[in-house]
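1. compute the structure for the input listed below.
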Amino acid sequence: MVNKIFFLLALVGVPVSIAGNIMHWSQTLMFGVYCLTIISLASFMGRATESLAIISGPSIGGLLNATFGNAVELIISIFALQAGLTEVVLASLTGSVLGNLLLVGGLSFFVGGLKYKRQTFNVYDARHNSALLIFAVVVAFVIPEVFAMDMDEGRTFTLSIGTSIILIVLYLAALFFKLVTHRGVYQHKGEQVEEHEEPEWSKGRAITVLAVATAAVAYVSEALVHTFETVAESFGWSELFIGVIIVAIVGNAAEHASAIIMAYKNKVSVAVEIAVGSTLQIAMFVAPLLVLVSLFLTEQLPLIFTMPELIAMITAVFLTIFISNDGDTNWFEGLTLLGAYAIMGIGFYLL
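-> Take a look at the predicted model:
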């Protein structure tokens, strides 16, 4: 039933989005249409990556989901950079970190915990990811902020470029470590369960759906970016709130849906891989890549966040680490993460 609704939304939303963009219909109205269209397209991406996760295993499946889910975020951010909306871009990166760790992780643990009293996942992966989260957010995001206090704009951007290159190199090294040199070394017993589940789509069809949906999302995302200023004025929203909450939720809808479905099916290892893996990809690949891309645009993007953004991300990282480091979760821990996200959402709305 839900899949049929998303199919109809995509079937109607894509042509309406194209027509509205070409004929310049009301931007406030089209903002809602674009968001619903992206979310419906993201549902297809989620179903495709779920099939690939069954075929490839939790680690690679989670990585694929994070990659294609973050492709939406990357596309929206590049168009926003071209439009000179650097505050929206930085805010959307913050929102992705908070959304993946607190909203996606929280909903996954909560929904899965309602069905199962206790869910376990790979504790070794959790500890490995914890160290990377601290490096990516607490070290690589905070250090430039501290040093930038005594630097001019030129040196601040140079520091951002250096930090970005290091982040990308370490991210690629982490993938090589996890998927090549140490693949299967830290195996979790629960990952051997349900090996006989059949994927909804074949590998070829799933990849085709991902490619087509991503292309459609790219077009709609460009149109969505041009509505931000009008919507902000109409509803009294700040660029910070649009980036942290609205863009982040819409841009990461694929991971949201997939992670929750996986947790409900007691595949919490995949759900954790999606939530945390997507966060790491945002912090260690998407954010630094945007800094490097901005070299070729009129508006440069320094890796400097506001203090509320930094504090919120650091809090989310440590709360997630404390909850997930034992490799065990339940619905109450999920509710705790959701509560933290709600408090931060209220704070960003009122700023």
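
2. from here on, contacts and neighbour counts on C-alpha atoms
-> Fine.

3. any stretches of the stretch 201-350 of the chain with poor pLDDT?
-> When the per-residue scores of the stretch 201-350 of the chain are filtered using pLDDT under 70, the ranges that remain are 254-255.

4. output the longest helix belonging to this protein.
-> The longest helix of the chain (DSSP state H) is helix 27-56.

5. what's it packed up against?
-> When contacts are defined as 3 or more CA pairs under 8 Å, 6 or more residues apart in numbering; DSSP states H and E, helix 27-56 sits against helix 2-23, helix 58-82, helix 203-225, helix 228-235, helix 248-251, helix 253-264.

6. wait, which of these is closest to residue 131?
-> When those are ranked by distance to residue 131, counting by CA to CA, first place goes to helix 58-82 at 17.4 Å.

7. looking at the helix or strand that that closest one is followed by now, give me its mean pLDDT.
-> For helix 58-82, the following helix or strand on the C-terminal side (DSSP states H and E) is helix 86-98. Model confidence over helix 86-98 averages 90 on the pLDDT scale.

8. compute the inter-axis angle for the helix or strand following helix 86-98 and helix 253-264.
-> On the C-terminal side of helix 86-98, the closest following helix or strand by DSSP H and E is helix 105-115. Inter-element angle recorded for helix 105-115 and helix 253-264: 30 degrees (by axes from the mean of the first three to the mean of the last three CA atoms, to 10 degrees).

9. show me what helix 105-115 packs onto, helices and strands only.
-> Here helix 105-115 is seen to pack against helix 253-264, helix 268-281, helix 331-350 when contacts are counted using 3+ CA pairs under 8 Å, 6+ apart.

10. contact partners of the first one?
-> What that stands for is helix 253-264. Defining contact as CA atoms under 8 Å, 6 or more residues apart in numbering, one finds that helix 253-264 is touched by 39, 42-47, 49-50, 65-66, 69, 100, 104-105, 107-109, 111-112, 115, 268, 270-272, 274-275, 278.

11. surely residue 95 touches residue 243?
-> Yes. Using CA atoms under 8 Å, residue 95 and residue 243 qualify as a contacting pair, with a distance of 6.6 Å.

12. which of these two has more neighbours?
-> It is residue 95, of residue 95 and residue 243, that has more neighbours when counted by other CA atoms under 10 Å, with 29 against 26.

13. quick one: the more buried one from residue 83, how far?
-> Taking CA to CA, to the nearest Å as the measure, residue 95 falls 19 Å from residue 83.

14. helix, strand, or coil at residue 199?
-> Secondary structure assignment for residue 199 (DSSP: H, G, I helix; E, B strand; the rest coil): coil.

15. which residue, other than its chain neighbours, is closest to it?
-> residue 51 (4.6 Å; CA to CA, 6 or more residues apart in numbering).

16. tell me the helices and strands packed up against whichever strand or helix holds residue 169.
-> Under the criterion DSSP H and E, the helix or strand holding residue 169 is helix 153-176. Under the contact definition 3+ CA pairs under 8 Å, 6+ apart, helix 153-176 sits against helix 142-148, helix 287-293.

17. rebuild those helices as TSV, extending it with mean neighbour count and distance to residue 316.
-> Compiled in TSV, the helices and strands packed on helix 153-176 are given as follows (neighbours: other CA atoms under 10 Å; distance: least, CA to CA, whole Å):
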stretch	mean neighbour count	distance to residue 316
helix 142-148	17	14
helix 287-293	20	17
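
18. save the ones you listed as CSV, and put in distance to residue 342 too.
-> Shown next, in CSV, are the helices and strands packed on helix 153-176 (distance: least, CA to CA, whole Å):
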stretch, distance to residue 342
helix 142-148, 24
helix 287-293, 24
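
19. out of these, nearest to residue 302?
-> Evaluated over the helices and strands packed on helix 153-176, closeness to residue 302 peaks at helix 287-293, with 6.4 Å, by CA to CA.

20. picking that back up, please identify the most buried of the helices and strands packed on helix 105-115.
-> Comparing the helices and strands packed on helix 105-115 on average neighbours per residue, with mean count of other CA atoms under 10 Å, the densest one is helix 268-281 at a mean of 28.

21. and it, how far out from the chain's middle?
-> The offset between the C-alpha centroid of helix 268-281 and the centroid of the whole chain comes to 9 Å, using CA atoms, centre = their mean, to the nearest Å.

22. and the angle from it to helix 253-264?
-> Following the same axes, to 10 degrees, one obtains 150 degrees for the angle between helix 268-281 and helix 253-264.

23. what packs against helix 268-281?
-> With contacts defined as 3+ CA pairs under 8 Å, 6+ apart, helix 268-281 has these neighbours: helix 58-82, helix 105-115, strand 119-120, helix 123-133, helix 253-264.

24. among these, which comes closest to residue 308?
-> Each of the helices and strands packed on helix 268-281 has some distance to residue 308 by CA to CA; the shortest is helix 123-133, at 18.2 Å.

25. now do the closest one, average pLDDT.
-> Mean pLDDT, computed over helix 123-133, is 85.

26. buried ones in it, by neighbour count?
-> Neighbour-count burial for helix 123-133 flags 123, 124, 125, 126, 127, 129, 130, 132, 133 (criterion: 16 or more other CA atoms under 10 Å).

27. same deal with stretch 42-59?
-> Of the residues in stretch 42-59, those with enough neighbours to count as buried (16+ other CA under 10 Å) are 42-55, 57-59.

28. which residues touch the residue nearest to residue 199?
-> Residue 51 sits next to 199, 200, 201, 202, 203, 206 when contact means CA under 8 Å, 6+ apart.
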